[in-house]
Each structure stands twice: as C-alpha cells, then as structure tokens.
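Visitor: model this:
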Amino acid sequence: MTELFEAASTVPTKFWHALPDGRAQCDVCPRECKLGAGQRGFCFVRANQDGKIVLTTWGRSSGFCIDPVEKKPLNHFLPGTPILSFGTAGCNLGCRFCQNWDISKSRELDTLMDQATPDVIAKAAAELGCRSVAFTYNDPVIFHEYAIDVAKACHRRGIKTVAVTAGYQNAEARREFYQYMDAANVDLKGFTDDFYQRICIGHLEPVLDTLKYLKHETDVWFEITTLLIPGKNDSETELNRLAEWIAKELGPDVPLHFSAFHPDFKMMDVPDTPPSTLSRARRIALTHGLRYVYTGNVHDREGDRTSCHQCGETLIERDWYQLLKWNLKDGKCPKCGTACAGVFEDQPGNWGPKRQPVRLRDYSA
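Guide: Next up, the predicted model:
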C-alpha cells in the first residue's frame, strides 16, 4: 500500500465496507485491501479518501489505439473488425513477466496522458468505424466503475464492449461488471496455485471461479489465453490438467490461445518460448476434445486456423491478424452445416493487422 495520493479524477465506489478500526476495505477483488486514510491499494488506483474507497482514475487513460479484434486475442468475436482499445494505470496482480508493465505497474498519474468521458469514447468509436471497445493493457477489474460507464455509453450507440482481464474479481463485483460486457478474453496464467503465488502474487481459484461464472451464468462470449513460460507453467502434466479442466468445466467450444513468452519486466533471465512448446500444448488441448485451440506470438498458419470440428473443413484462414479466407455461412460450416461457436456476421471485417493510435482530445461529445 502506498502513501498519500495526489488529487485525481475520483469517483465514489460501492464495493467496499468500513472496518471497526477506522480503515476501509476494498471488496472489488480477492486482495480485499484494508486502507487507512490516504492510502492506495495494491492496484494503485483505488484509494481511501475521507474514509471511503474511491476510484482515482475515472476518465483518464494511458492512451487509445485501434487494433484488430484478433489481437485481444478474440478469434470468434466479429472477426476482422477494428476495436478501439485503452487502459488506465495499475493492476491487482503482480506478474513478474508482465508485458505491459510500463502501464500496469505505473505509479505515476502522468502515465494517464489522455482524458475522455464515456460519451466521448463511444462517439469516437462510432466515428472511427470500430465495432467494439476493449478495456485492455491493464486490467479493467480495477477501473470497474469507469469501464461500466463507458460500456453503457457504447451500448447506447450500438458499440460492443470487451474486457481483457486476468479474471481476479470477487463475486459481487463480477456479477455487476459482466452485465455490461459483450465479450472477454481471460488470462489463465497457469494451472497451479504455486505459480500464481510465486509469479503473479495471487491465487488460481478466483480465476477459475470467474471462468465458470462466465460460462454458466452469463451470455458473454469469452476466450482464454495462457502465456507459456519455459520451465514455469509449460510442463506436460500442467498442460494436461489445464485442458482437462476446461473441457470438463467449460466445455469444448471455448477457444484457447497458447501464447509465446518473451523476456520482460522481472523475468529477463528466462528464454523465449520455443514454437515447438506452443505446438505441443495445442496438440495436448486438442486430444482433450477442445475444438478451437490457437497459438499466438509466433508465425504458425496451422495454429491460426479455425476448422470445423465435425469435418475438418477450413472455416477461417489467418496469417497473424490478417484474414486470408472466410468460409462461414450463417455461422456454419458450408460443407457439413455444423455450427462454429462464436459471434459472427455474414461477412468479416477488413481491418487487417493495422494498429492506429488515436488522440481522443480531437473528439467532443
């Protein structure tokens, strides 16, 4: 927990309660930080102000960019379409391998260089031709109120919303949050609690609870990403357990992305993930009956491809974030008529692999 905070864009929050000793406990995530006057939580952006927990970064972002939706990664949600992406500062996990550490580990409000109200974000997304807005780069769990306000504004304009998250939430906050999300990509960072404790400073069980909640209690489309780190979470035993759990608890239609690690932040001494590790993980997941398993951060046409699980027909051919072939008819395989799980339209978008920074101060509500 940090020292007294400076003035920022603060809004009240609802998921907290007062403690007998005068502190306030934040109840958004399993950390349940107990904060004295002027203290910030582990996430850095939720703080005790006048005895109440407030969000200090409402309306402030580390920057906006238009990405391909496949970069989130989401392969089965409006393929080929552009998505307006942004984050704030801070995070409620402490992953030693964080690849957005300059944002998620920031302790400087100057990181939040762009300011935008929810209405401005929604208006910009519509004018820029984005089909959806992504809360990403850091975890939207910690800017819960801002994400929900943006989602409401987006939905009024027919813009969908996507959470890119580690899923580290408490149940009450989770229920409210996902009422306003159309899709999510959840980082399942490993499949042992030891990995979560040592490498992420967290626990596995709350993430599994989020995944089960999404599957069984919501209509949110979601996909899962696991970053494979050599010698840390890529053993055959762990990969088998992970795939078996997904098949049993979530079913075969949830897409799973295995992504390659590169040295970053506090794990500069660990080598890059070999492509062969991703291919091995993909084979293991397929043997457990998962139908849509992908590889990421490597050039792998086979690992990019979406195939019909019934007859093997290629449905979507990709090269990185570029769609090369579209072979879906009404969301089904044209050869055998089997439905492909996902959120599809008659034709895909044509955004391609472009990444386009945007300054929202150029827009006004």
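
Visitor: and the helices in this structure, which stretches?
Guide: 101-104, 118-127, 144-156, 171-177, 193-195, 205-217, 236-249, 275-287, 301-304 (DSSP state H).

Visitor: in TSV: these, plus distance to residue 352, mean neighbour count and mean pLDDT.
Guide: The C-beta positions use only the backbone N, C-alpha and C, and glycine is treated the same way. As requested, those are exported to TSV (distance: least, Cβ to Cβ, whole Å; neighbours: other Cβ atoms under 10 Å; pLDDT from 0 to 100):
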stretch	distance to residue 352	mean neighbour count	mean pLDDT
helix 101-104	25	19	50
helix 118-127	18	21	96
helix 144-156	23	21	98
helix 171-177	31	17	98
helix 193-195	36	13	96
helix 205-217	29	17	98
helix 236-249	30	17	98
helix 275-287	23	18	97
helix 301-304	14	16	94
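
Visitor: now those helices in CSV, with distance to residue 261?
Guide: Converted to CSV, the helices of the chain look like this (distance: least, Cβ to Cβ, whole Å):
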stretch, distance to residue 261
helix 101-104, 14
helix 118-127, 31
helix 144-156, 27
helix 171-177, 28
helix 193-195, 13
helix 205-217, 18
helix 236-249, 14
helix 275-287, 9
helix 301-304, 16
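
Visitor: so residue 354 sits against residue 71, correct?
Guide: No: judged on Cβ atoms under 8 Å, residue 354 makes no contact with residue 71 at a distance of 10.3 Å.

Visitor: overlap of the contact sets of the two?
Guide: The overlap between the contact sets of residue 354 and residue 71 (Cβ atoms under 8 Å, 6 or more residues apart in numbering) is empty.

Visitor: of these two, who's got more company?
Guide: residue 71 (19 against 11; other Cβ atoms under 10 Å).

Visitor: residue contacts, the nearest residue to that one once chain neighbours are set aside?
Guide: Distance criterion Cβ to Cβ, 6 or more residues apart in numbering; nearest residue to residue 71, sequence neighbours excluded, is residue 321 at 5.8 Å. Residues in contact with residue 321 (Cβ under 8 Å, 6+ apart) are 68, 70-71, 352-353.

Visitor: need the helix or strand of the chain with the lowest average pLDDT.
Guide: Scoring the helices and strands of the chain by mean pLDDT, DSSP states H and E places helix 101-104 at the bottom, with a mean of 50.

Visitor: now do the contacts for the closest residue in space to residue 158 that isn't next to it in sequence.
Guide: Using Cβ to Cβ, 6+ apart and skipping residues adjacent in sequence, the residue nearest residue 158 is residue 126, 7.7 Å away. By Cβ under 8 Å, 6+ apart, the residues touching residue 126 are 157-159.

Visitor: and which of those residues is nearest residue 179?
Guide: For the contacts of residue 126, the minimum distance to residue 179 (Cβ to Cβ) is 16.2 Å, reached by residue 159.

Visitor: not counting residues beside it along the chain, what's closest to that closest one?
Guide: residue 125 is the one closest to residue 159 (Cβ to Cβ, 6+ apart), at 4.9 Å.

Visitor: my guess is the one you found contacts residue 153, does it?
Guide: No: Residue 125 is beyond contact range of residue 153, at 9.3 Å (criterion: Cβ under 8 Å).

Visitor: still on that earlier bit, how far away is the residue nearest to residue 159 from residue 87?
Guide: Going from residue 125 to residue 87 by Cβ to Cβ, to the nearest Å gives 15 Å.

Visitor: for residue 131, which non-adjacent residue is spatially closest?
Guide: That would be residue 81: by Cβ to Cβ, 6+ apart, it lies 4.2 Å from residue 131.

Visitor: tell me the pLDDT of that neighbour.
Guide: Residue 81 is assigned a predicted lDDT (pLDDT) of 98.

Visitor: mind listing what residue 88 touches?
Guide: 45, 57, 60-62, 112, 138, 142-143, 146.

Visitor: hmm, I was thinking of residue 229
Guide: 97, 199, 261, 267, 270, 273.

Visitor: go with 6 Å
Guide: residue 261 (Cβ atoms under 6 Å, 6 or more residues apart in numbering).

Visitor: repeat for the one 10 residues further on
Guide: Going by Cβ under 6 Å, 6+ apart, residue 239 touches 281, 284.
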